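Novice: build the 3D model from these lines:
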Amino acid sequence: MPGRSLLRGSGSVVIQPHIQSSAGGNSTQPSAPRNEGKCHVSARPGPLNLITDVGGLKVGSAHDEAAATGVTVIRPDTRAVAAVTVGGGGPGTRETDALAMDTLVDAVDAIVFAGGSVYGLAAADGVTAALGAARQGFALVPSDAIPVSPIVPAAILYDLANGGGKAWGDTPPYRALGMEALKAARPAFDLGRVGAGYGARAGGGPGGLGSASVVTHDGLAVGAIAAVNSHGAVKMPGTETFWAWPYEQGGEFGGGRPPPGYVLDLDDWGGAKSNPGFRPLPPMPGRTNTTLCCVATNVPLTPPEAQRIAKMAMGGLARAVR
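Specialist: Model (predicted):
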């Protein structure tokens, strides 16, 4: 079954290019072959080292500087078959139930990540309205006189206490930010303090939006994007080395390695034994943390396969954030 695939660490989406969109037309973009029983070890970052290296995807972000919050939209060129897994104890999501294996919803039109906690879910309203106006969505009744129904799952992170002026009364900015982010969607996009990661914190320090990709010698591609607002840190205590350094390819992290003789006391997450001068940042309060991740691949997958890989991606988060 030909296809491209989009998987989320807190959920999964599988893109099948031959799904008919309400606007008409089928995608004819090629997909990577399904190579049964083969193991590919020759790989490198894609040209942009972004999730969009998979092809058929665009990403857009928008933020409100005064409120210190923002929105990121992942938009496939064609409607995307979807599956999701949510691991949080207090999740904030929209339309993820529609992605369950026993539902009749077989495709989505965009994925939204946002700050703002429950207020941020309104970002999907803006994206839905904009897509609906362009007649991009599910048409239960094929008539131009009847609006289509864009399917836009969304997930949020808690940045309400991370600074910025959030006294917005009854007019939170997220609906407008969703529209703005959708309009800004491009293959090349900015990372860092942007979009859903604009107000994020990670391990007591700045969080943000990150992305990376890998392409094998025979064209299989995988990419990811994450909005990191984690309780744990992405760097080893007392160093500038990422926990994920063993998985670096082509010097994409700057080639950083743990210092010689580095020893971490697993019972003392505040510092490293080999660096007595290290002073940890104040910890973030518990129960206010979320990491949202979307993983894409051009390997054709069924929805159950995509859901299984999304669960595997949660293990990747455990390796990268501690």
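Novice: how about the helices in the stretch 151-300 of the chain?
Specialist: With helices called from DSSP state H, counting those that start in this stretch, the stretch 151-300 of the chain shows them at 174-183.
Novice: any stretches of it with poor pLDDT?
Specialist: Low-confidence segments of the stretch 151-300 of the chain, defined by pLDDT under 70: 264-288.
Novice: who does residue 83 bridge with?
Specialist: For residue 83, the beta-bridge partners under DSSP bridges are residue 12.
Novice: mind checking pLDDT for residue 115?
Specialist: Residue 115 carries a pLDDT value of 98.
Novice: same question, residue 32
Specialist: pLDDT, read off for residue 32, is 53.
Novice: cool, residue 57 as well?
Specialist: Predicted confidence (pLDDT) for residue 57: 93.
Novice: do the one 3 residues further on as well
Specialist: At residue 60 the predicted local distance difference test score is 99.
Novice: relative to residue 184, how far out is it?
Specialist: 4 Å (CB to CB, to the nearest Å). Quick note: C-beta positions are derived from backbone N, CA and C, even for glycine.
Novice: the two: which is more packed in?
Specialist: residue 60 (21 against 18; other CB atoms under 10 Å).
Novice: the more buried one pairs with what?
Specialist: Under the criterion used (DSSP bridges), residue 60 bridges to residue 73.
Novice: list the contacts for it?
Specialist: Neighbouring residues of residue 60 by CB atoms under 8 Å, 6 or more residues apart in numbering: 72, 73, 75, 180, 181, 182, 183, 184, 185, 186, 189, 195.
Novice: those into JSON lines, with extra columns for distance to residue 313?
Specialist: Below are the contacts of residue 60 laid out as JSON lines (distance: CB to CB, whole Å):
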{"residue": "72", "distance to residue 313": "17"}
{"residue": "73", "distance to residue 313": "20"}
{"residue": "75", "distance to residue 313": "20"}
{"residue": "180", "distance to residue 313": "28"}
{"residue": "181", "distance to residue 313": "23"}
{"residue": "182", "distance to residue 313": "24"}
{"residue": "183", "distance to residue 313": "28"}
{"residue": "184", "distance to residue 313": "26"}
{"residue": "185", "distance to residue 313": "22"}
{"residue": "186", "distance to residue 313": "24"}
{"residue": "189", "distance to residue 313": "20"}
{"residue": "195", "distance to residue 313": "20"}
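Novice: what's the closest of those to residue 124?
Specialist: Minimum separation from residue 124 among the contacts of residue 60 (CB to CB) is found for residue 73, which lies at 9.1 Å.
Novice: number of nearby residues for that closest one?
Specialist: By other CB under 10 Å, neighbour count at residue 73 equals 32.
Novice: is it true that it touches residue 178?
Specialist: Yes. If you go by CB atoms under 8 Å, residue 73 and residue 178 touch, sitting 6.8 Å apart.
Novice: overlap in contacts, the two.
Specialist: 112, 123, 127.
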